[in-house]
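Novice: Based on what follows, work out the 3D shape:
(3 chains)
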Amino acid sequence: MTDTAAAAPKKLFLLDAFALIYRSHFAFSKNPRINSKGLNTGAVLGFTNTLVEVLQKERPTHIGVCFDAGKTFRHEQFPAYKAQRQAMPEDIGTAIPYIKQIIEAFHIPILMMAGYEADDVIGTLAQRAEAQGFEVFMMTPDKDYCQLVTERIKIYKPAFMGNAAEILDVAHVLARFEVERVEQVIDILGLQGDASDNIPGIPGIGEKTAKTLIQKYGSVENLLAHVDELKGKQQENVRNFAEQGLLSKELATIHVNVPLDFEADKLVLDAPDEARLRELFDELEFRQLAARVLSEGPPRTPASVAKPGTTGARRPKPVAGGQASLFGNPGDEAVAIGAEEGETGHDGAPAGARRRLEDVPYQYHLMDTPARRQSLLHFLLRQTEVSFDTETTGLDTMTARLVGLSFCYRPGEAYYVPVPADDLPTAQAIVDEFCPFFSSPDILKIGQNIKYDLSILKHYKVEVAGPLFDTMLAHYLIEPDMRHNMDVLAETYLHYAPVPITDLIGPKGKKQITMADIAPAQVKDYACEDADVTLQLKHVFEPMLKELGLLELLNTVENPLVPVLSSIEYEGVRIDSVAMGEYSAELQGYVQELEAQIFTEAGQEFNIGSPKQLGEVLFDKMDIGRGKIKKTKTGQYATGEEILSQLAAENPIAALILEYRQLSKLRSTYVEALPQLVSVVDGRVHTNFNQAVTATGRLSSTNPNLQNIPIRTEKGREIRKAFVPRDDQHLLLAADYSQVELRIMADFSGDATMIEAFRQGIDVHSSTASKVFRVPLSEVDAEMRRKAKTVNFGIIYGISAFGLAQRIGISRKEATDIIDTYFQEFPSVKQFMDDSINRARELEYAETLLKRRRYLRDINSRNATLRGYTERNAINAPIQGTAADIIKLAMINIYHWLREEKLKTRMILQVHDELVFDAVQEEVAYITPKIKELMTQALLLPRGVPLEVEVGTGRNWLQAH
DNA sequence: CGCCTCACG
DNA sequence: ACGTACGTGAGGCGC
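Specialist: Presented below is the predicted three-dimensional model:
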């Protein structure tokens, strides 16, 4: 105790290692991080990130990390304690030595005490440190620690999954557990138990009841003393399990009497051993972390770069000799390369070695003369596959101008053709020179997000022909729920960090500079690198796809769909902006009227659009909705549709708010926004279809999203009237699959009853209603059909009684009965659901008819919620994904047919089970049956359940239905 | 930038 | 005992 008086506040951080490690591990379980040696590094990375974050942001003066050590006294008290917890996952077992080494390299002491758990050690040290004037932060995600919180001992919940870090003080704890004193946390925990720790609690008492009882009786002991005041089953349970309740409280108590001294000087934060950290990060391949944490430090030793199979050095050697013949004058190229390398490369870059161009030999050439371009074209035409990339002035294909083209057909060697962005005729002429290449039907064109390049070239009148290979889509099939940026792909699969685009054009800002502002010689390296990396990625992905059985899906569906989507986007949709403007004014009138009424009802003015203000007005000021009040996970009042609908019976304000919400949504999201996205170039709206976003294989649409244009309500539907054909010679034609997903499920399950209904063309929802409610088909009324329809959807989503009950407003019991009857009537469907889950448990993925995969790595999780969610995905993903496969094939076939027949009708939208066409009136009669045929025959289901398509036409999208 | 709410299939 | 139907994207709010 030799504290220097008036020193800076002493901040002690105590980390609960295992709790943090487990959490990190499961955070990455969806997308495991595997390094090139096959090591799952998620837990190590997560833990280290957390540690680094706290060191950098919180600047502790003292710190220690606690690990559990073996069995504890709790096991002796209660043998089942934590018994059901599964053995430690293997990946965590291998992670721990690394984590300990990292902690040691940070020079942070590891604290353990045989026979005690980390929480006891942390609790004890925390209290002793507090007594010595420390401010203590217990770093853990575990809520049990709440019982230890005092004025100067707090919980530091590290940032997690997008949630910011959180410091829990006394006020937080009291609010969270709804108790008066912190000690009562133990009573709550003891009463309600903890399934994951096998703390039994008292049967029938969960979080809610525990809170109510402790609020009333103050403690478990006092509750037991007044057990006769309780009623019915509850009294019986509390009486019978009194002892278990006391034991549970004991088990939940953190013991702060561990025989352990708090020696402050041993926990003083010290400088880390950077060299050792660098070694560890290198081995683990934590490049970004290393860049963030370590000062620039010594450059990598040549050995570490050259070590085969580790980082870098993956690129082939430059091709010697021979190629010189490509250049009329090869000498000047070499000079250019040498000159730039010194400038951009090397470890002088901020934040350590990100860029690694200098590690590997490459030859990137500037092709800026007619002779060089001719020479390049000559070589391109002799290749069977070439990767290419476009450099442009922006991301919007409607307005972006071409700045240059890069090509690569041999790893490590690429060519950049600059194009004057502001001189359209010259640019066009240069692009035309490469037309023989782009239109060659034999050369495989490889690109990363190649739809973008196709769309750019389309504006230069180039129709890219021949087979395509998109590395983004390749990776989308390999890892559907990851991201597919080229930078990340290069880092993951080539162990190579490309030049960030911001090195050239800077961060996003007001005065955005573009590629056109950069000297071609500088753009060259960036552009060539993209083409080069793309080619190399193709060579990595192709064997992987083959191995996974995904190559055919890529080559027959995803890659051929690219030009189709490019065309759809290029064509665009005509929007009647005048009609939109009128409707906007009309909606605005309604909205203002509603606003006035709401203010009158509320007796005050406030921002109705703010859920926070709305909740306060409704539930605090007006005090309505007693008993129906719910809070969101962030502690705010929930004011969603579901709650407000319930409130509508009690107070007229609820219905007004719902209507206000609906109309202002329509106005802001659609009626106001859409006209602003009409292109000045052609007066049409060009959406962007993303082909590599959804986990199931569907497309998504952005900027604007044209896949969620209203239709379900009357005022929403109006908006569709403003989607119109391009001119008087055209009509909109809409072709919808009817109940594709249900048909797919009927087919996959082989359920005879359901298949028969589809074969005979009976309305499936009515048919389901007749079975589920056990009435003849003729007696099915609208209400029964509505419920059956919800049941049918529920089945596809992986039904739960709770979900069904909520949606059709019945009790859980009734919902359970309906589901039971359903499974009795459709036993094969039940079988199908079970089979889907079991299959997914084995494979850890689900697949569609065309073998598209969705990985379900949590299907064997011991977290029941997560597992349930994943099981529902095991049922839904093959169905939703197969429907996506089918419409994609139909789109490809229709696109080619329209072209072959030289028809002028154009496909302009896809909305998951619907295709919309801008149809020439004279062509409608001819194309209608063919579109139907191509859609229904796109893919035959294994058991032959037929697909059906409804086609309609009209002067607008609403009429076309 | 995360949260809430709500538009679609 | 737990938390609860699948998949998306966008706008407004409030930090």
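
Novice: For the residue of the stretch 151-300 of chain A found nearest DNA strand C, give me its contacts.
Specialist: When scored by Cβ to the nearest atom of the strand, the stretch 151-300 of chain A has A:Gly206 as its residue closest to DNA strand C, at 2.9 Å. Placement of C-beta: from N, CA and C, glycine included. Residues near A:Gly206 by Cβ atoms under 8 Å, 6 or more residues apart in numbering: A:Gln192.

Novice: Can you check what pLDDT the model gives it?
Specialist: Note on A:Gly206: pLDDT of 83.

Novice: List phi and psi for it.
Specialist: Dihedral angles phi and psi of A:Gly206 (degrees, to the nearest 10) take the values phi -110, psi -160.

Novice: Distance check, it against A:Phe802.
Specialist: Taking Cβ to Cβ, to the nearest Å as the measure, A:Gly206 falls 15 Å from A:Phe802.

Novice: residues in contact with A:Asp16?
Specialist: A:Asp16 is in contact with A:66, A:118-119, A:122, A:138-140, A:142, A:145, counting by Cβ under 8 Å, 6+ apart.

Novice: lowest confidence element among the helices and strands of chain A?
Specialist: helix A:302-306 (a mean of 31; mean pLDDT, DSSP states H and E).

Novice: Quick one: name whatever helix or strand follows the helix or strand harbouring A:Ser248.
Specialist: Using DSSP states H and E, A:Ser248 maps to helix A:242-252. With elements assigned by DSSP H and E, the helix or strand that comes after helix A:242-252 is helix A:274-284.

Novice: buried sites along that next one?
Specialist: Buried residues in helix A:274-284, counted by 16 or more other Cβ atoms under 10 Å: A:274, A:277-278, A:280-284.

Novice: Using CSV, list the CA coordinates for that helix.
Specialist: Coordinates of each C-alpha in helix A:274-284 appear next as CSV, following Å, rounded to 0.1, in the frame of the first residue of the first chain:
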residue,chain,number,x,y,z
GLU,A,274,6.1,-6.6,-30.1
ALA,A,275,8.5,-9.0,-31.8
ARG,A,276,6.7,-11.9,-30.2
LEU,A,277,3.3,-10.5,-31.1
ARG,A,278,4.4,-10.1,-34.6
GLU,A,279,5.5,-13.7,-34.7
LEU,A,280,2.2,-14.9,-33.4
PHE,A,281,0.1,-12.7,-35.7
ASP,A,282,2.2,-13.8,-38.6
GLU,A,283,1.6,-17.4,-37.8
LEU,A,284,-2.1,-16.9,-37.3
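
Novice: any idea which of the contacts of A:Asp16 is least confident?
Specialist: Ranking these by pLDDT, A:Asp142 lands last with 85.

Novice: A:Phe18 versus that one, what's the distance?
Specialist: Taking Cβ to Cβ, one finds A:Asp142 at 10 Å from A:Phe18.

Novice: Repeat that for A:Lys216.
Specialist: 36 Å.

Novice: Please give me every residue in contact with whichever residue of chain A sits closest to DNA strand C.
Specialist: Residue nearest to DNA strand C within chain A (Cβ to the nearest atom of the strand): A:Gly794, separated by 1.9 Å. Listed by Cβ under 8 Å, 6+ apart, the contact set of A:Gly794 reads A:800, A:803-804, A:807.

Novice: Residue of the stretch 351-500 of chain A closest to DNA strand B, please.
Specialist: A:Arg483 (14.3 Å).

Novice: In a strand, that residue, correct?
Specialist: No - A:Arg483: not assigned to a strand; according to DSSP: H, G, I helix; E, B strand; the rest coil it is coil.

Novice: so what pLDDT did it get?
Specialist: On pLDDT, A:Arg483 comes in at 91.

Novice: returning to what we had before: list every C-alpha atom in the helix holding A:Ser248, with coordinates, as PDB.
Specialist: Extracted C-alpha coordinates of helix A:242-252, given in PDB (Å, rounded to 0.1, in the frame of the first residue of the first chain):
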ATOM      1  CA  ALA A 242     -37.600 -25.200  -1.700                       C
ATOM      2  CA  GLU A 243     -34.300 -26.800  -1.100                       C
ATOM      3  CA  GLN A 244     -33.500 -26.800  -4.700                       C
ATOM      4  CA  GLY A 245     -34.200 -23.100  -4.800                       C
ATOM      5  CA  LEU A 246     -31.800 -22.500  -1.900                       C
ATOM      6  CA  LEU A 247     -29.100 -24.600  -3.600                       C
ATOM      7  CA  SER A 248     -29.600 -22.800  -6.800                       C
ATOM      8  CA  LYS A 249     -29.100 -19.500  -5.000                       C
ATOM      9  CA  GLU A 250     -26.000 -20.800  -3.500                       C
ATOM     10  CA  LEU A 251     -24.700 -22.000  -6.900                       C
ATOM     11  CA  ALA A 252     -25.400 -18.700  -8.500                       C
END
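
Novice: which strands and helices sit next to that helix?
Specialist: Packing partners of helix A:242-252 (3 or more Cβ pairs under 8 Å, 6 or more residues apart in numbering; DSSP states H and E): helix A:73-77, helix A:184-192, helix A:220-225.

Novice: Let's have those in TSV, adding mean pLDDT, distance to DNA strand C and mean neighbour count.
Specialist: Shown next, in TSV, are the helices and strands packed on helix A:242-252 (pLDDT from 0 to 100; distance: least, Cβ to the nearest atom of the strand, whole Å; neighbours: other Cβ atoms under 10 Å):
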stretch	mean pLDDT	distance to DNA strand C	mean neighbour count
helix A:73-77	64	19	14
helix A:184-192	91	5	25
helix A:220-225	92	15	17
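
Novice: Just the contacts of A:Asp16: which are in strands?
Specialist: Secondary structure from DSSP state E places A:66, A:138-139 of the contacts of A:Asp16 in strands.

Novice: which of those lies closest to DNA strand B?
Specialist: For the ones in strands among the contacts of A:Asp16, the nearest to DNA strand B is A:Met139 (19.5 Å; Cβ to the nearest atom of the strand).

Novice: Tell me who's in contact with the closest one.
Specialist: Contacts of A:Met139 (Cβ under 8 Å, 6+ apart): A:13-16, A:20, A:50, A:54, A:155-158.
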